[in-house]
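Engineer: Requesting a structural model of the entry that follows:
(one chain, ligands or ions: 1)
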Amino acid sequence: MTLHPQIPSTFDPVPELDLAAQYASIGSEIRTAVERVMASQQFVLGREGAALEEEIAKLCGVGHGVGVASGTDALILASRACGVQTGDEVLLPSFTFVATGSAVSALGAKPVFADIRPDTYNIDPSELGRRVTPRTRAIVVVHLYGLSADMDPILAFAKARKLPVIEDNAQAIGASYKGRHTGSFGDAACLSFYPTKNLGAYGDAGMVVTNSAGLAGRIRTLRNHGQAEKYLSSEPGWNSRLDEMQAAILRVKLRHLSNWRRARQSHAAEYNRLLSQIPGVMPPLAPEAYEHVYHQYTIRIEQRDALRKFLSKRKIGSTVYYPYPLHLQPLYSALGHKPGDFPHAERAAQEVLSLPMYPELRKEQIARVVETIAEFLKC
Ligand SMILES: Cc1ncc(COP(=O)(O)O)c(C=O)c1O
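Structural biologist: Predicted coordinates:
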């Protein structure tokens, strides 16, 4: 099957991600920003970080941003500021990166898992009523792969039970649901700027965004040893600050984010178009009124592991996010879950595969990926 006239020779590599291509296009802007920080000799809690907080909060459509050291710290700090403590239960989807659960565990609270919807891979809102108990203290919602969770029923459930909602928006900066940006729905939302994210730093970094001045102030204190005033600590915190170098780099990249988002969306449309000719492959769903930002372009296929090997032999990168649902992680063996407890999460873990996706990806590379999948399936 030939899908594109200019398909490169069979073994031209198609990496899953190409940060070098991104650096080639913005390197001089990045170096200028880094030079500016060097010249200022201010490295922590300075102008760059404050400006980034404002810019990211604006992009998410909320009032406040608090820069922290990572997405994981953002989750821990936001949960703590929302009142999660030792012995509490927190509802979250089983199919996510382990950090969503380990942030809850880090506070001594118990993650209570919920199954996902098989079409969007996000938490199934109808699961919440089945899993809630009198000990439930918060709900953490993940917008996996760049697609918002179905927020209306989740927010209605949370409101009825007076539970705070924390959005794990690590993968979905810039996404929207019914015209509103992810990050603006919950009491607080957490961003990761891990280098591979749609907006990635040159190291670790993260942010909490919120509309609540009270929560923002509390997180500002917690990220800096609980110091509400210099050298006066009112509660235990630690050092989770986002440094000026990362902030300056992120501000450069932020200027490109909407173009990069459009490029990802156009690549996804091209993948969708080509894959529609191939039975046996389920492309990602982007329901009406949701704007997917394609942090990952994730297909579903029964012969996932064999396909991954086949692609790899032809130098095409792909990754499984994630091969184990949280309820079956050794980390959570004490919770006593067994295979079959969350069937949609388990099946997704066996069948999902993320294909190359980054703004600089070329049309002919997409064609080569899809042609190789067709070859594997002998279409
Ligand atoms: C869904 C999700 N939650 C949390 C995190 C944790 O972010 P970080 O790696 O910045 O700590 C990540 C990214 O790694 C993620 O993808």
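Engineer: distance of residue 328 from the ligand?
Structural biologist: 17 Å (CB to the nearest ligand atom, to the nearest Å). C-beta coordinates here come from the backbone N, C-alpha and C atoms, glycine included.
Engineer: In this model residue 337 seems to touch that residue, though I could be wrong.
Structural biologist: Yes: with contact defined as CB atoms under 8 Å, residue 328 and residue 337 form a contacting pair (6.4 Å).
Engineer: Who has more neighbours out of the two?
Structural biologist: The residue with more neighbours, out of residue 328 and residue 337, is residue 328; 20 against 17, by other CB atoms under 10 Å.
Engineer: quick one, phi/psi of the spatially most central residue of the chain?
Structural biologist: With distances taken as CA atoms, centre = their mean, residue 171 lies nearest the centre of the chain, 1.8 Å away. Per-residue torsions, residue 171: phi -110, psi 0 (degrees, to the nearest 10).
Engineer: now the strands for the stretch 201-350 of the chain?
Structural biologist: According to DSSP state E, counting those that start in this stretch, the stretch 201-350 of the chain carries its strands in the segments 206-210, 227-229, 232-233, 290-291, 297-300.
Engineer: what about the residue in the stretch 51-200 of the chain positioned nearest to the ligand, neighbour count?
Structural biologist: Residue nearest to the ligand within the stretch 51-200 of the chain (CB to the nearest ligand atom): residue 71, separated by 2.4 Å. Look at residue 71: counted by other CB under 10 Å, it has 27 neighbours.
Engineer: That one contacts residue 199, correct?
Structural biologist: No: counting by CB under 8 Å, residue 199 is not a contact partner of residue 71; they are 11.3 Å apart.
Engineer: okay, and the common contacts of those two?
Structural biologist: Residues touching both residue 71 and residue 199 (CB atoms under 8 Å, 6 or more residues apart in numbering): 191, 193.
Engineer: low-scoring stretches of the chain, by residue?
Structural biologist: 1-10 (pLDDT under 70).
Engineer: Show me which residues of it sit near the ligand.
Structural biologist: Applying CB under 6 Å from any ligand atom, we find that the chain lies next to the ligand at 70-72, 96-97, 99-100, 142, 168, 170-171, 192, 194, 204, 206.
Engineer: Which of those residues fall in helices?
Structural biologist: Mapping the residues of the chain next to the ligand onto helices (DSSP state H) picks out 71-72, 99-100.
Engineer: can you give me the offset of the strand ranked longest in the chain from its chain's centre?
Structural biologist: The longest strand of the chain (DSSP state E) is strand 136-142. Strand 136-142 has its C-alpha centroid displaced from the chain centroid by 16 Å (CA atoms, centre = their mean, to the nearest Å).
Engineer: Counting by contacts, list what that strand packs against.
Structural biologist: When contacts are defined as 3 or more CB pairs under 8 Å, 6 or more residues apart in numbering; DSSP states H and E, strand 136-142 packs onto helix 71-81, strand 89-93, helix 98-106, helix 151-160, strand 165-168.
Engineer: For residue 322, find the nearest of those.
Structural biologist: Closest approach to residue 322 among the helices and strands packed on strand 136-142 is made by helix 98-106 (7.8 Å; CB to CB).
Engineer: Any buried residues in the closest one, and which?
Structural biologist: Of all the residues in helix 98-106, those buried under the rule 16 or more other CB atoms under 10 Å are 99-104, 106.
Engineer: Kindly report the same for stretch 285-302.
Structural biologist: Using 16+ other CB under 10 Å as the test for burial, stretch 285-302 gives 286, 290-301.
Engineer: Farthest-apart pair in these, please.
Structural biologist: For the buried residues of stretch 285-302, with distances taken as CB to CB, the pair at the greatest spread is 291 and 301 (25.2 Å).
Engineer: hang on, the earlier thing: given the longest strand of the chain, what are its sheet partners and their directions?
Structural biologist: strand 89-93 (parallel), strand 165-168 (parallel) (DSSP bridges).
Engineer: Go through these and pick out the most buried.
Structural biologist: Neighbour counts (mean count of other CB atoms under 10 Å) averaged over each of the strands paired with strand 136-142 peak at strand 165-168, with a mean of 28.
Engineer: outside of the helix or strand following that strand, which residues touch it?
Structural biologist: Counting by DSSP states H and E, the next helix or strand C-terminal to strand 165-168 is strand 176-177. By CB under 8 Å, 6+ apart, the list of residues contacting strand 176-177 from outside reads 148-151, 182, 185, 289-291.
Engineer: any idea where the helices of this protein begin and end?
Structural biologist: 19-40, 47-60, 71-81, 98-106, 128-131, 151-160, 213-222, 244-254, 257-275, 304-313, 343-351, 363-377.
Engineer: Highest mean neighbour count out of those helices?
Structural biologist: Of the helices of the chain, the one with the most neighbours on average (mean count of other CB under 10 Å) is helix 71-81, at a mean of 27.
Engineer: Packing partners of it?
Structural biologist: Looks like helix 71-81 contacts strand 64-68, helix 98-106, strand 136-142, strand 165-168, strand 188-192, strand 206-210, helix 213-222 (3+ CB pairs under 8 Å, 6+ apart).
Engineer: From residue 297, how far off is the residue of the stretch 201-350 of the chain found nearest the ligand?
Structural biologist: Relative to the ligand, the nearest point of the stretch 201-350 of the chain is residue 206 (4.9 Å; CB to the nearest ligand atom). Distance, residue 206 to residue 297, using CB to CB, to the nearest Å: 24 Å.
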